[in-house]
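Visitor: Kindly generate the corresponding structure for this input.
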Amino acid sequence: MLLIPEDIKRLIPPLYTNEDLAPESIKVPLKIFDPGGRGTWYITEFDGEDTLFGFCCSPLGSDCDELGYVSLEELQSVKNRFGIGMERDINWNPGTTLKQVIEGEKR
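Guide: Sure thing, here's the model as predicted:
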């Protein structure tokens with residue numbers, strides 16, 4: 001599965017666009033997840049090549065959830081314990097805010 005098709009790519013703002021905005025003002029246009037585990041990435045920014053920024057729900061548990069950077073190339077290369085790659089949530093609402101994600105309303 002193509003994790004970031006062109007129509008979704010156009011929705012994701014460049015890196016640092018949201019750095020001065022409150023979480024309720026930041027849209028999350030992309031959700032990438034591990035279909036066999038808990039790892040989930042809610043993407044809010046993209047450099048257009050490889051670097052993504054957003055909220056990561058770690059497979060290690062909620063104590064490890066954080067905002068940070070992740071490599072698109074790395075996400076595309078990872079396979080879970082069942083040999084399945086990461087997937088894009090095709091039903092994700094790109095109008096979801098970062099506040100909703102962090103508070104668990106849209107997980």
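Visitor: check contacts around the residue nearest the centre of the chain.
Guide: For the chain, the residue nearest the mean C-alpha position is Tyr42 (2.5 Å; C-alpha atoms, centre = their mean). Tyr42 makes contacts with Val28, Leu30, Lys31, Gly54, Phe55, Cys56, Cys57, Thr96, Leu98, Val101, as judged by C-beta atoms under 8 Å, 6 or more residues apart in numbering. C-beta coordinates here come from the backbone N, C-alpha and C atoms, glycine included.
Visitor: Ile43 is in contact with the fourth one, correct?
Guide: Just to be clear, that refers to Gly54. Yes: if you go by C-beta atoms under 8 Å, Gly54 and Ile43 touch, sitting 4.1 Å apart.
Visitor: and for those two, which residues touch both?
Guide: With C-beta under 8 Å, 6+ apart as the test, Gly54 and Ile43 both reach Val28, Leu30.
Visitor: What strands flank the helix or strand containing Tyr42, and is each parallel or antiparallel?
Guide: Per DSSP states H and E: Tyr42 is located in strand 40-46. Using DSSP bridges, strand 40-46 pairs in its sheet with strand 30-33 (antiparallel), strand 51-57 (antiparallel).
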